[in-house]
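Chemist: Next input, structure requested:
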Amino acid sequence: MANPSPHHRHQASLDGVIDFSTEPSLGALERVEARRRFYHIVNHVEEKNRSSSGSGSNPYNRPALVRLTYEYALSEESQDHFLRAFFRSMALSVTGENVDFGDKDLEGELRSTLLSFADYLLDNFFLPCLYRNPFNSPTSADVSSQ
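Modeler: Predicted structure coming up:
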């Protein structure tokens, strides 16, 4: 996955942020397996973040950003592309056994990779619209109306 500049133009899709090459859509069974593995990983990391975020050091809920980006993909094909990009970034196969979170080294590595993936989505997809037109943000609307 290429690392485009975080200041490129706003995009309405993840084109250019996630590689949407001509990979075929997931088969029905492969999709079920990929979703199961995705939620197993994301829910575990989200729960760990929730229990360790008492310090207020987390700027935002990165596992939730990853989960919601997947859930709000408009089509099954888009979800398939997102799952492929997620597992590619995690260096895991789309199908297979559940991750053994009893292995603390593996757990830490996957947590770090998932948080980096969330940061990548934020920097390269969600924030560019603010760089392009900061006057459409709710904060600037409040300031300009005074």
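Chemist: State the phi and psi torsions of S25.
Modeler: In this entry, S25 is assigned phi and psi values of phi -60, psi 160 (degrees, to the nearest 10).
Chemist: quick one: it from F82, how far?
Modeler: 12 Å (CB to CB, to the nearest Å). For glycine as for every other residue, the C-beta is placed from the backbone atoms N, C-alpha and C.
Chemist: how about the strands in this protein?
Modeler: All residues of the chain lie outside strands when identified by DSSP state E.
Chemist: that older thread, S25 and F82: which is more packed in?
Modeler: The neighbour comparison of S25 against F82 (other CB atoms under 10 Å) goes to F82, with 22 against 15.
Chemist: Hmm, that one is touching Y70, no?
Modeler: Yes: the criterion here is CB atoms under 8 Å, and F82 meets it with Y70 at 5.1 Å.
Chemist: show me what contacts V45?
Modeler: By CB atoms under 8 Å, 6 or more residues apart in numbering, the contact set of V45 is P63, L110, R111, L114, L115.
Chemist: Spatially nearest residue to E30, not counting backbone neighbours?
Modeler: Closest residue to E30 apart from its sequence neighbours, by CB to CB, 6 or more residues apart in numbering: T95 at 5.8 Å.
Chemist: Am I right that that neighbour is in contact with V32?
Modeler: No: the criterion here is CB under 8 Å, and T95 misses it with V32 at 9.3 Å.
Chemist: Have a look at these two and say which one is more surrounded.
Modeler: Neighbour tally, T95 and V32, criterion other CB under 10 Å: the higher count belongs to T95, 16 against 12.
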